[in-house]
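Asks: Have a look at this prediction, sequence included:
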Amino acid sequence: MSIDRIVLAFAGFMILASLLLGLYVSPYWFWFTAFVGANLFQSAFTGFCPLALILRKLGVQSGAAF
């Protein structure tokens, strides 16, 4: 799996998890949902993604390897 797909899957999971936590645990979790969404938005314009940097340092391939 490429870095791009991992980042998208991780962001989607974090948004869904924080929405559930916001509904059932505490509404303060919605701030985390907003943070993930804002990070996705800025990443679309700047190309900077902290998770992608971490994954690269861990040795994940940046292209699709078949």
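Replies: Received, thanks. Quantities reported herein were computed from a predicted structural model and do not represent experimental measurements. Numbers count the residues shown, from 1 in each chain.

Asks: Could you pull out the buried residues of the strand or helix carrying residue 41?
Replies: Assignment of secondary structure by DSSP states H and E places residue 41 within helix 29-46. Residues of helix 29-46 classed as buried by neighbour count (16 or more other CB atoms under 10 Å): 29, 32, 33, 36, 39, 40, 43. Where you see a C-beta, it was placed from the backbone N, CA and C, and this is true even at glycine.

Asks: List the contacts of the residue nearest to the last one when sequence neighbours are not counted.
Replies: Spatial nearest neighbour of residue 43, excluding adjacent residues (CB to CB, 6 or more residues apart in numbering): residue 49 at 4.6 Å. By CB atoms under 8 Å, 6 or more residues apart in numbering, residue 49 lies in contact with 7, 39, 43.

Asks: Give me the packing partners of the helix holding residue 41, helices and strands only.
Replies: Other elements packing on helix 29-46 under the criterion 3 or more CB pairs under 8 Å, 6 or more residues apart in numbering; DSSP states H and E are helix 3-24.

Asks: Now do the contacts for residue 33.
Replies: Each residue near residue 33 by CB under 8 Å, 6+ apart is listed here: 15, 18, 19, 22.

Asks: For this structure, which residue occupies the most central location?
Replies: Residue closest to the mean C-alpha point of the chain, counted by CA atoms, centre = their mean, is residue 11 at 2.7 Å.

Asks: I'd guessed that residue sits against residue 36; true?
Replies: Yes. Distance between residue 11 and residue 36: 5.8 Å, which falls inside the contact criterion (CB atoms under 8 Å).

Asks: sorry, back to before: can you identify the element that follows the helix holding residue 41 toward the C-terminus?
Replies: Note on helix 29-46: by DSSP H and E, the next helix or strand toward the C-terminus is helix 50-57.

Asks: Can you dump the C-alpha atoms of that next one in CSV for me?
Replies: Output in CSV follows, covering the C-alpha atoms of helix 50-57 (Å, rounded to 0.1, in the frame of the first residue of the first chain):
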residue,chain,number,x,y,z
PRO,A,50,3.2,15.1,9.0
LEU,A,51,2.0,11.4,8.7
ALA,A,52,3.6,11.1,5.3
LEU,A,53,6.9,12.2,6.7
ILE,A,54,6.7,9.7,9.5
LEU,A,55,5.8,6.9,7.1
ARG,A,56,8.7,7.7,4.8
LYS,A,57,11.1,7.6,7.8
